[in-house]
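Colleague: Structure of the sequence below:
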Amino acid sequence: MKIWFKMMKDNHLLRDMTVVDDGKDTRTHKIFRAVEQAAYAFDLAQPIWLDANIAEFKRHAKTRFRQDSFMETIPFDFLELHVIEED
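Modeller: Numbering: from 1, shown residues only. This next block holds a predicted model:
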C-alpha cells in the first residue's frame, strides 16, 4: 500500500511525503500507522478522525484533515491523505 500525504496552504504544497507499507496487516492498521508516521515526520499531533473524514475516505480513498481534526492550531489549511496504490 502506498499513501501520499500533502500539507497544503492557500492552494500551495508546503510539504509532502509518501508512506509505503508492504506488510501483511489489515488496511485499517496500515492507514493508522501511516498517519502516525506522517504526523511524526511533519511534527504534528495525530489528527482526529471525524465522521466526515471516515465517510470521505470510504468513498474516495482520501480525506483532508482540517483545523477541526487537530487539538493544536495548525499553520496550514489541511493535511490530505490519499491512497495511491493498494495491495
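Colleague: What segments of the protein are strands?
Modeller: 2-9, 12-20, 62-65, 78-85 (DSSP state E).
Colleague: Out of these, which is closest to residue 54?
Modeller: Nearest of these to residue 54, taken as C-beta to C-beta: strand 62-65 at 7.8 Å. C-betas here are computed from N, CA, C, even on glycine.
Colleague: Tell me the neighbouring strands of the closest one, and mark each as parallel or antiparallel.
Modeller: Next to strand 62-65 in the sheet, as set by DSSP bridges, lie strand 78-85 (antiparallel).
Colleague: distance between the strand it pairs with and the chain's centre?
Modeller: Distance of strand 78-85 from the chain centroid (C-alpha atoms, centre = their mean, to the nearest Å) equals 5 Å.
Colleague: now stretch 76-87
Modeller: 5 Å.
Colleague: Over to stretch 64-81?
Modeller: 10 Å.
Colleague: can you check stretch 18-33 too?
Modeller: 12 Å.
Colleague: for the protein, which spans come out with low pLDDT?
Modeller: Along the chain, no part satisfies pLDDT under 70.
Colleague: highest average neighbour count across the strands of the chain?
Modeller: Comparing the strands of the chain by mean neighbour count (mean count of other C-beta atoms under 10 Å), strand 62-65 ranks first with a mean of 21.
Colleague: so residue 14 makes contact with residue 5?
Modeller: No: checked against C-beta atoms under 8 Å, the pair residue 14 and residue 5 is beyond contact range at 11.2 Å.
Colleague: picking that back up, any chance of the strands of the chain in TSV with distance to residue 30 as columns?
Modeller: Listed next are the strands of the chain as TSV, based on distance: least, C-beta to C-beta, whole Å:
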stretch	distance to residue 30
strand 2-9	8
strand 12-20	9
strand 62-65	15
strand 78-85	9
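Colleague: Nearest to residue 71 among those would be which one?
Modeller: strand 62-65 (11.8 Å).
Colleague: Lovely, talk soon.
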